[in-house]
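J.: Fold the following for me, if possible:
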Amino acid sequence: TLASISATGAPRAHAACSLKLMVSLPIHHGTFKQVLRAASMPGKGKSRKEGLKGKCSAGRRRRAPQCVSVPPSPPAATRPSKSGSYFVFPPPIFPLVPIFGRRTFRYDVLPGKIWRFEQKQGIGLGLNVAVNVRMTVIKMASGGLFVYAPVAPTAECLALLSELDAPVEYIVLPTTLFEHKLFMGPFSRRFPRAQSFVVPGQWSWPLNLPSTFFGIFNAKPLDDAAAGAALPFADEFEVQILSPRPVGVSSLVKFNEAAVFHKPTRTLLVTDCVVHVSDTPSEVCAEKELLESGDDNNFVINSLKLLNLFNIRDKAKSRTTSSADMTREERLRLGWQRNTLQALYFGPNNLLDPEESWQRITNRLLVAPVVVTLVYSNCADDVFEWVDRVCKWKFTRIIPCHLDAPIMASPVEFK
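T.: A predicted model of the protein is given here:
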């Protein structure tokens, strides 16, 4: 069982489980060292729970400034004349959406050198929770392309990639998580001359099927020995892999992640370990969907009211305004807030009026609370060691696979 996390840092009572000690961790606003120390270092002479409370209260008083910024996003390149159709197969246990198609948006990071390709990815069941999933493409000194975390190879995506007028040389799957692994096989088959590399520890559940079942053929293991010195792209890239102990429902379930450092541009590529959230919605999220999320009578809000979760009925009574009183722009903003908070937290403290929670997490480099709860809280020592290795690189730019990018930040902010 898992405990919900409050975006405002307020603990809530749940069924007994070790992870309920994590309910207050988001108050630390994201850095690895702050969040994980609270999970692994209770105060002297106190119980583990008391130690956590003390550290979280201190975190509330000390909101250290971060030298972090995200430059304005350039106009996206799209090719609507090309099909965005794509059927997700094999289907995951959880309802990953969109199922039948997804648009692709290409952005310049460094013109002629680094690009990001973004598509929509979310959870179904009427939750209307979706964010962007990102593939990063870097042009190497050889003239070929290095692809990190491939996305769905739709006709539109392939057309946007072909416009870079360079061959795909290397394709890297940097994680063991299914929502990224799903596209590695189909994408790599489109480029049979490219060399494919996958992070070790690939798994599936409830049946542990080989990677070939997912269409991943002839892929080599991504090796981070000596920072990946034996890899064919070592002249430009270094690699450090997080391989924590298994967590969750099975000893097979591993949340491995490869951080890749592009030395010429001092760019750090990561998958899920950090994010940056701002007021600007991703273009992959349609306005219609954000307006629905911003409606106080949508499926999620009505379900919460039916069950009276998070004391939402009393919160609704105390509100002085509702979505019906808002302008279109205000509802779009509210929809983006609700959508993003649901993606980062199991249960935001106040989904009706999330402004306070929103202000606590925006415009900062953040360790996603859902990742802290599911993974990092159980393997803090492993994460500490990996972060220390990553921070030996002198990067100035971070590109994660979700939400804002690029994030202009250094090892100081990352740690």
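
J.: Do a quick rundown of the strands in the stretch 301-415 of the chain.
T.: Secondary structure of the stretch 301-415 of the chain, counting by DSSP state E, counting those that start in this stretch: strands at 365-366, 397-399, 407-408.

J.: right, so of the ones you listed, which gets closest to Phe100?
T.: strand 397-399 (28.1 Å; C-beta to C-beta). (Each C-beta comes from the backbone N, C-alpha and C, glycine too.)

J.: What helices and strands are in contact with that closest one?
T.: Applying 3 or more C-beta pairs under 8 Å, 6 or more residues apart in numbering; DSSP states H and E, one finds that strand 397-399 makes contact with strand 267-269, strand 407-408.

J.: again, only this time at 6 Å
T.: Contact analysis of strand 397-399 by 3 or more C-beta pairs under 6 Å, 6 or more residues apart in numbering; DSSP states H and E lists strand 267-269 as its packing neighbours.

J.: related to what we said a few turns ago, just give me the lowest mean pLDDT stretch among the strands of the stretch 301-415 of the chain.
T.: Mean pLDDT per stretch puts strand 365-366 lowest among those, at a mean of 91.

J.: In the stretch 1-150 of the chain, where is pLDDT below threshold?
T.: Within the stretch 1-150 of the chain, the ranges that satisfy pLDDT under 70 run 1-31, 33-66, 89-95, 124-127.

J.: How many residues are close by Pro80?
T.: By other C-beta atoms under 10 Å, 9 other residues sit near Pro80.

J.: ok so, going back, could you dump the strands of the stretch 301-415 of the chain into CSV with distance to Leu304 added?
T.: Converted to CSV, the strands of the stretch 301-415 of the chain look like this (distance: least, C-beta to C-beta, whole Å):
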stretch, distance to Leu304
strand 365-366, 24
strand 397-399, 34
strand 407-408, 32
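
J.: Columns distance to Val270 and mean neighbour count on top of those strands, output as JSON lines?
T.: Conversion of the strands of the stretch 301-415 of the chain to JSON lines gives the following (distance: least, C-beta to C-beta, whole Å; neighbours: other C-beta atoms under 10 Å):
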{"stretch": "strand 365-366", "distance to Val270": "11", "mean neighbour count": "24"}
{"stretch": "strand 397-399", "distance to Val270": "7", "mean neighbour count": "23"}
{"stretch": "strand 407-408", "distance to Val270": "10", "mean neighbour count": "18"}
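
J.: Please name whichever of these is nearest to Ser188.
T.: Nearest to Ser188, of the strands of the stretch 301-415 of the chain and by C-beta to C-beta, is strand 397-399 at 20.6 Å.
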